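Student: Here is my input; please provide its structure:
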Amino acid sequence: MAKYYNQKYWVLGGIMKQEITRKMVEMALILKEFNGKTEQTVVPQEKSKLSKVFKHVYCCNYEMNVLKCVKKDSYYRDLLKGHGGELRSSKIGSAPKFNSIISSAALVVNTFAPWKDHLGDLTVEVNGNAFSNFISMEFEYIAKTKNNSFPNLDVWLENNTEVLAIECKFCEFLGNNNYKKLQGSYRNIIKQEGYTGTWIDIINAVTDSSGKGIYQYFDVVQIIKHYFGIINCNKPEKNLIYLYWHPENKDWNKIHPYDVLEKELEDFSQKVSGATDVHFYYLNFNDLWNQWESNQKEHIDMLRDKYSVCINPEED
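Tutor: Below you'll find the model as predicted:
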């Protein structure tokens with residue numbers, strides 16, 4: 001059983017480890033807005049009086065959550081068309097999800113939307129592969145499956161021969177995760193459509209008998225659902241990237257839960273490494289931004305000004 005110690009660490013198996021929670025990220029980002037510094041010292045929400053002040057942090061309107069270099073017509077219609085309800089309030093008096101300071105949809109739009117005016121210059125590199133020559137980009141792309149499910153991909157990029165589908169995460173995997181199970185209808189379409197291959201072979205290895213994913217922080221069921229949508233596209237080469245945010249801390253991948261997430265991503269990536277129908281990769285936003293810095297410095301500076309934080313830097 002994990003226990004909090006000195007408000008910054010949790011103890012498991014006698015080993016004291018630093019942990020970063022969703023609320024800590026949210027507080028760090030809003031404090032950066034106040035004082036302009038990247039380094040922020042915050043404590044977990046379970047112990048923090050600030051959590052009552054920063055229960056939820058939303059911009060007054062969605063346009064305040066996008067960079068100045070992002071044009072409204074580059075993302076607005078896509079978000080309205082998608083099933084995520086990013087620009088709609090779930091109930092009277094509530095703010096749309098897109099307004100949240102930790103909105104992954106806003107992070108995605110701010111990262112990719114400025115490329116829409118010059119898609120031909122966009123390149124995404126991962127694991128020695130360079131994806132480029134794109135002719136279309138869509139946010140909240142609906143990839144329909146054979147069982148009439150409609151997984152939404154955060155970014156959908158196409159060139160003449162390839163599709164590059166991107167699932168993006170900001171803070172979704174921080175904290176308690178109650179991921180959805182893989183419904184029986186997906187296993188039914190495997191039989192009905194005669195699907196075979198590496199992805200199909202590993203489903204039972206990465207989900208339990210109830211359909212729940214075996215990983216704690218990597219939502220493998222969501223990724224499997226994306227697979228069933230992606231294979232229906234008419235491009236001969238199909239690729240799926242899991243793109244995630246992390247803080248600027250030195251050795252960030254040794255801080256919980258990033259330490260576990262990295263191992264889970266590596267494990268799953270190895271399991272599907274032999275797939276020929278949909279190729280899976282994982283990448284973090286920092287590495288992606290580094291790729292673009294030499295020719296998109298102004299855009300990258302804006303992204304870092306908004307999203308780069310080092311949490312509890314004195315512990316590095």
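
Student: ok, now which ones touch the residue nearest to Cys310 when sequence neighbours are not counted?
Tutor: The shortest distance from Cys310 to any non-neighbouring residue, by Cβ to Cβ, 6 or more residues apart in numbering, is to Glu248 (4.2 Å). Any C-beta I mention is one placed from the backbone N, CA and C, and that applies to glycine too. Contacts for Glu248 (Cβ atoms under 8 Å, 6 or more residues apart in numbering) come out as Thr38, Asn286, Ser308, Val309, Cys310.

Student: Neighbour-wise, which one of those residues leads?
Tutor: Ranked by neighbour count (other Cβ atoms under 10 Å), the contacts of Glu248 have Val309 at the top, with 23 neighbours.

Student: ok, back up a step: same list (the contacts of Glu248) but as CSV, adding secondary structure, pLDDT and distance to His56.
Tutor: Listed next are those as CSV, based on DSSP: H, G, I helix; E, B strand; the rest coil; pLDDT from 0 to 100; distance: Cβ to Cβ, whole Å:
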residue, secondary structure, pLDDT, distance to His56
Thr38, coil, 92, 23
Asn286, helix, 97, 26
Ser308, coil, 97, 22
Val309, coil, 96, 18
Cys310, strand, 95, 23
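
Student: Please identify which helix or strand holds the residue nearest to Cys310.
Tutor: Remark: Glu248 resides in no helix or strand, with elements defined by DSSP states H and E.

Student: Nearest to Tyr195 among the contacts of Glu248?
Tutor: Nearest to Tyr195 out of the contacts of Glu248 is Asn286 (Cβ to Cβ; 35.4 Å).

Student: and the spatially most central residue of the chain, how far is that from Trp245?
Tutor: The residue lying closest to the centre of the chain (Cα atoms, centre = their mean) is Lys169, at 1.4 Å. Distance, Lys169 to Trp245, by Cβ to Cβ, to the nearest Å: 7 Å.

Student: between the two, what contacts are shared?
Tutor: Shared contacts of Lys169 and Trp245, defined by Cβ under 8 Å, 6+ apart, comprise Ser104.

Student: What values do phi and psi take at the residue nearest to Ala95 when sequence neighbours are not counted?
Tutor: In this structure, Ala95 finds its nearest non-sequential neighbour in Tyr58, 4.1 Å apart by Cβ to Cβ, 6+ apart. When read as degrees, to the nearest 10, the backbone of Tyr58 gives phi -130, psi 150.

Student: Was I right to think Tyr58 contacts Phe98?
Tutor: No: Tyr58 is beyond contact range of Phe98, at 9.3 Å (criterion: Cβ atoms under 8 Å).

Student: just the strands in this protein please.
Tutor: Remark: strands assigned in the chain by DSSP state E are 3-5, 9-12, 15-18, 39-40, 124-126, 129-131, 136-142, 152-158, 162-169, 237-244, 279-284, 310-311.

Student: Now tell me which of these the model trusts least on average.
Tutor: In terms of average pLDDT, strand 3-5 trails the rest of the strands of the chain, at a mean of 39.

Student: Pull the number of nearby residues for Lys254.
Tutor: Using other Cβ under 10 Å, Lys254 is surrounded by 12 other residues.

Student: closest one to Tyr76 among the strands of the chain?
Tutor: Counting by Cβ to Cβ, Tyr76 lies closest to strand 136-142 out of those; the figure is 9.4 Å.

Student: Which strands or helices does that closest one pack on?
Tutor: For strand 136-142, the packing partners by 3 or more Cβ pairs under 8 Å, 6 or more residues apart in numbering; DSSP states H and E come out as helix 76-81, helix 104-112, strand 152-158.

Student: taking these together, which one is wrapped up most tightly?
Tutor: helix 104-112 (a mean of 24; mean count of other Cβ atoms under 10 Å).

Student: Redo the strands of the chain as JSON lines? Include distance to Trp292.
Tutor: Written out in JSON lines, the entries for the strands of the chain read as follows (distance: least, Cβ to Cβ, whole Å):
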{"stretch": "strand 3-5", "distance to Trp292": "38"}
{"stretch": "strand 9-12", "distance to Trp292": "35"}
{"stretch": "strand 15-18", "distance to Trp292": "30"}
{"stretch": "strand 39-40", "distance to Trp292": "24"}
{"stretch": "strand 124-126", "distance to Trp292": "9"}
{"stretch": "strand 129-131", "distance to Trp292": "13"}
{"stretch": "strand 136-142", "distance to Trp292": "15"}
{"stretch": "strand 152-158", "distance to Trp292": "14"}
{"stretch": "strand 162-169", "distance to Trp292": "15"}
{"stretch": "strand 237-244", "distance to Trp292": "13"}
{"stretch": "strand 279-284", "distance to Trp292": "13"}
{"stretch": "strand 310-311", "distance to Trp292": "21"}
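
Student: in the chain, what secondary structure element scores lowest on mean pLDDT?
Tutor: When each helix and strand of the chain is scored by mean pLDDT, DSSP states H and E, strand 3-5 comes last, with a mean of 39.

Student: one step back: and which of the contacts of Glu248 is nearest Glu264?
Tutor: Among the contacts of Glu248, and counting by Cβ to Cβ, the member closest to Glu264 is Asn286, at 18.9 Å.
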